[in-house]
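> I need the structure of the sequence given here:
(chains A and B, ligands or ions: 1)
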Amino acid sequence: MAVETRRLTMGKAIAEAIAQEMERDPRVFVMGEDVGVYGGIFGATQGLYEKFGPERVMDTPISETGFIGAALGAALEGMRPIAELMFVDFFGVAMDQIYNHIAKIHYMSGGGFKVPVVIMTAIGGGYSDAAQHSQCLYGLFAHVPGLKIVVPSNAYDAKGLMIQAIRDDNPVMYFFHKGLMGLGWMTPQPSAMSEVPEEPYTIPFGKADVKRPGRDVTVVSVAMGVHRAMEAAEVLARDGIEVEVLDLRTLVPLDRDAIVESVKRTHRLLVVDEDYLSYGMSGEVAATVAERALDYLDAPVRRIAVPDVPIPYSRPLEQFVLPSADKIVAAVREMLGE
Amino acid sequence: MAVDRTTLLTMYRDMWTIRLFEDAMAAAYLEGKQPVFNIAAGPVPGEMHLAAGQEPVAVGVCAHLRREDAVAGTHRPHHFAIAKGMDLRRMAAEIFGKVTGLGRGKGGHMHLFDPETHFGCGGIVGAGIPHAVGAALAFKKQGRDNVAVAFFGDGAANQGAFHEGLNLAALWKLPVIFVVEDNAWAISVPKAKSTAIASNADRAAAYGIPGVYVGENDALAVYEAAGEAVARARRGEGPTLLEVKTDRYYGHFQGDPEVYRPKDEVPRLKANDPIDRLGRRILETGAGTQADLDAAREEARAKVDDAFRFARESPYPSPEEALMHVFAE
Ligand SMILES: Cc1ncc(C[n+]2csc(CCOP(=O)(O)OP(=O)(O)O)c2C)c(N)n1
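Numbers count the residues shown, from 1 in each chain, chains lettered A, B, ... in the order given. So this is what the prediction gives:
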């Protein structure tokens, strides 16, 4: 029997995941700016308003402290809210609710309260939106104990990880990269589209995905970085260099075993991160390898990340600071002593 | 309030400068984005929020300001910047990402910072409100009779920063004028669906300060209300909250599909254009002739053309400049 396959954009996959969970569980509802009629500025809630109406898909005022704090309050009283923070860059206005309350109340109540909140938010630059609309910042949130951190790179993962996030009894921050959502108004990234089963499915957190096996260098990344790494791997393969690309998919929990196992085979580690360089994901991955596989390394660990500057507006400046396939290719060649 | 001829013609000219700048920017923004719209393409990439139709708020308030008075704008900042007297060349160059821009290409359209005109703005809704409060605090501490103005949208009035800022300014009796632009929309969300009361001016009562609602998109009505508020602030009598009904002609951003907006709304708004309206008043009151109006408009056009030419001809910053200016040296 022929199996019907569908290819979806990441935006559609996320919206479908939410819709299916809303059908299954009346406690799930969505709040955020422009999530209703507009369908979310990045399409993560497209079609939900038409299906579920304004009681369950709530456009909010521009009051992030208010509605993200309210998501917490509603969760404590038995609901399972999904709140959209339009761009992660706007975290500042709601940071206390996220960092001191959503992340910590389960712990501070000795396990008494559960906090099943999903905060989903847009990340990433590359289209000249400058310093207050282009950041990734997942490292900042991964740093505080108590938040699970999801960063999908493609439609299949996006759906399974979103359903997993909604069913999780813990707060989950779900970061989608704007450039991967399949928006008609952004530079297309066709490799982020994938076949997506119609029925609901989950992808467990903390399981990295080997996107491409290789023996020479392990490149670890998330989101857009995975696609850049795959492009670079393609180029390097022409010269017989085999790059292993590891998509972490979640930063908390982090699949440290997968990183260590891969590096033990390839003996080289390059981390590609669109977040800031210092005190972030790339450092954490490097530390894991230093702790558990240092003796296996044939070359110093390398990191390609935003070099600790705010994201500049002007195109040549921004391109200079963002990871790219070219930078990955050059770094890998250097690591191999070429 | 009697308004002198020079002020009227200056306001008229500045409204045209804003309008022509925004229309020219809309056209430049589309370059490289047709037939397929891609936000990253063309000489002006990124988000673009234009303020055509909203000129009265900016010019009506800024007509009362001095160079040393501080202004905090928003993500939709061009009209405020122009009305405050920002150098149009350096402003346009910034939006084109050029090294001759105000921020050497680092800031872009939403982040115009100008020590010369004491102007700042930004992409985080509501964030500028406390900045104006702080500028006013500085003026008070320094014994200057300068004032600070925070411009922001009706959507921003639902941020905590609005309420905290108003309370601080009222508590400390600071020379601030809070100006809400009620353009009816916050992206796709209409004011009635986001704000529990009809007029934000009524919220002033909660902080014991005057609140004034200007119900028309009219430069002279704004001028009058703002004149009172600025004078009060300069006299050391504390802050005022103004809300002005105004009209957004373009989408929230360029490329906005505007699925949420009735199709006939914009043509209806344009039928009551505020620039025409001020022009008619100037003619009716005899403050100026048609020739004066034409000359003002031509002056505006020449300035805008010159600024765009300058921006286009300027060089980009060298890529390594991305690493500069994280810290003061
Ligand atoms: C803290 C924050 N939340 C959300 C946004 C996204 N956003 C940008 S403009 C805007 C609407 C603003 O509406 P309003 O304040 O009325 O100003 P207008 O755009 O109508 O001029 C929103 C929600 C943002 N930039 N910052």
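> what's the helix or strand where B:Arg309 lies packed up against?
Per DSSP states H and E: B:Arg309 is located in helix B:290-313. Counting contacts by 3 or more Cβ pairs under 8 Å, 6 or more residues apart in numbering or on different chains; DSSP states H and E, helix B:290-313 packs against helix B:5-30, helix B:88-95, helix B:274-284. Heads up, the C-betas are built off the backbone N, CA and C, glycines and all.
> go again using 10 Å as the cut-off
helix B:5-30, helix B:78-83, helix B:88-95, helix B:274-284 (3 or more Cβ pairs under 10 Å, 6 or more residues apart in numbering or on different chains; DSSP states H and E).
> average pLDDT for that helix?
Regarding helix B:290-313, the rounded mean pLDDT is 98.
> dump that helix to CSV, restricted to CA.
Extracted in CSV, the C-alpha atoms of helix B:290-313 (Å, rounded to 0.1, in the frame of the first residue of the first chain):
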residue,chain,number,x,y,z
GLN,B,290,-0.3,79.0,-2.1
ALA,B,291,3.2,80.0,-3.2
ASP,B,292,4.4,79.7,0.4
LEU,B,293,3.0,76.2,0.6
ASP,B,294,4.5,75.2,-2.7
ALA,B,295,7.9,76.6,-1.6
ALA,B,296,7.7,74.7,1.7
ARG,B,297,6.9,71.5,-0.1
GLU,B,298,9.7,72.0,-2.6
GLU,B,299,12.2,72.7,0.2
ALA,B,300,11.1,69.4,1.8
ARG,B,301,11.5,67.5,-1.5
ALA,B,302,15.0,68.9,-2.1
LYS,B,303,16.1,67.9,1.4
VAL,B,304,14.8,64.4,1.1
ASP,B,305,16.3,63.9,-2.4
ASP,B,306,19.6,65.1,-1.1
ALA,B,307,19.5,62.8,1.9
PHE,B,308,18.7,59.7,-0.2
ARG,B,309,21.4,60.6,-2.7
PHE,B,310,23.9,61.0,0.1
ALA,B,311,22.8,57.7,1.6
ARG,B,312,23.1,55.8,-1.6
GLU,B,313,26.5,57.2,-2.5
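> burial of residue 316, as a residue count?
Answering for chain A, as no chain was given. Applying other Cβ atoms under 10 Å in any protein chain shown, we find 17 residues neighbouring A:Pro316.
> wrong one, chain B
Burial of B:Tyr316 is recorded as 16 neighbouring residues (other Cβ under 10 Å).
> what does A:Ala131 give?
Neighbour number of A:Ala131 under other Cβ under 10 Å is 22.
> how near is it to B:Gly108?
Distance of A:Ala131 to B:Gly108, computed by Cβ to Cβ, to the nearest Å: 9 Å.
> again, but for B:Gly286
Here the distance between B:Gly286 and B:Gly108 works out to 44 Å (Cβ to Cβ).
> so the two - more neighbours on which side?
B:Gly108 (29 against 8).
> number of residues surrounding the residue nearest to A:Arg24 when sequence neighbours are not counted?
Sequence neighbours aside, A:Pro200 is the residue nearest to A:Arg24 in space, at 7.3 Å (criterion: Cβ to Cβ, 6 or more residues apart in numbering or on different chains). For A:Pro200, the neighbour count with other Cβ under 10 Å is 18.
> which helix or strand contains A:Pro200?
Using DSSP H and E, A:Pro200 maps to neither a helix nor a strand.
> is stretch A:293-312 positioned near chain B?
Yes: against chain B, stretch A:293-312 shows contacts by Cβ under 10 Å from any Cβ of the partner chain at A:Val306, A:Pro307, A:Asp308, A:Val309, A:Pro310, A:Ile311, A:Pro312.
> would you mind listing what in the stretch 201-329 of chain B touches the ligand?
Residues of the stretch 201-329 of chain B lying close to the ligand (Cβ under 6 Å from any ligand atom) are B:His252.
> how about the residues of the stretch 201-329 of chain B near chain A?
Selection of the stretch 201-329 of chain B residues close to chain A by Cβ under 10 Å from any Cβ yields B:252-253, B:255-260, B:316-326.
> among those residues, the buried ones, what's the PyMOL command?
Here is the PyMOL command that selects the buried residues among those (16 or more other Cβ atoms under 10 Å in any protein chain shown):
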select buried, chain B and resi 252+253+255+256+258+260+316+317+319+321+322
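> now the residue positioned nearest the centre of chain A: closest residue in space that isn't a chain neighbour?
Nearest to the mean C-alpha position of chain A, by Cα atoms, centre = their mean, lies A:Val151 at 1.5 Å. When the adjacent residues along the chain are set aside, A:Val151 lies closest to A:Val222, with 4.1 Å between them (Cβ to Cβ, 6+ apart).
> what's the per-residue pLDDT of the one you found here?
Looking at A:Val222, its pLDDT is 98.
> distance check, it against the ligand.
Distance, A:Val222 to the ligand, using Cβ to the nearest ligand atom, to the nearest Å: 24 Å.
> please look at that residue and A:Glu284 and confirm they touch.
No: applying Cβ atoms under 10 Å, one finds A:Val222 not in contact with A:Glu284, separated by 11.8 Å.
> overlap of the contact sets of those two?
Counting by Cβ atoms under 10 Å, 6 or more residues apart in numbering or on different chains, the shared contacts of A:Val222 and A:Glu284 are A:Leu251, A:Val271, A:Asp273.
> got a list of what the residue nearest to the centre of chain A touches?
Contacts of A:Val151 by Cβ under 10 Å, 6+ apart are A:123, A:136, A:138, A:142, A:157, A:161, A:173-177, A:221-226, A:247-251, A:274-275, A:281.
> let's see that with 6 Å instead.
Applying Cβ atoms under 6 Å, 6 or more residues apart in numbering or on different chains to A:Val151 gives the contacts A:Tyr138, A:Phe175, A:Val222, A:Ala223.
> now those residues as CSV including neighbour count, secondary structure and distance to B:Asn200?
Output for the contacts of A:Val151, formatted as CSV (neighbours: other Cβ atoms under 10 Å in any protein chain shown; DSSP: H, G, I helix; E, B strand; the rest coil; distance: Cβ to Cβ, whole Å):
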residue, neighbour count, secondary structure, distance to B:Asn200
A:Tyr138, 27, helix, 36
A:Phe175, 24, strand, 34
A:Val222, 29, coil, 42
A:Ala223, 30, coil, 39
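> just say which of the helices and strands packed on helix B:290-313 is most tucked in.
Mean neighbours per residue, mean count of other Cβ atoms under 10 Å in any protein chain shown, is largest over the helices and strands packed on helix B:290-313 for helix B:78-83, with a mean of 29.
> that helix and the ligand in contact?
No: Helix B:78-83 is not in contact with the ligand by Cβ under 6 Å from any ligand atom; minimum separation 10.2 Å.
> can you list contacts of that helix?
So helix B:78-83 is contacted by B:14, B:17-18, B:51, B:54-55, B:58-59, B:62, B:71, B:73, B:91, B:112, B:119, B:151 (Cβ under 6 Å, 6+ apart).
> good, we can wrap up now.
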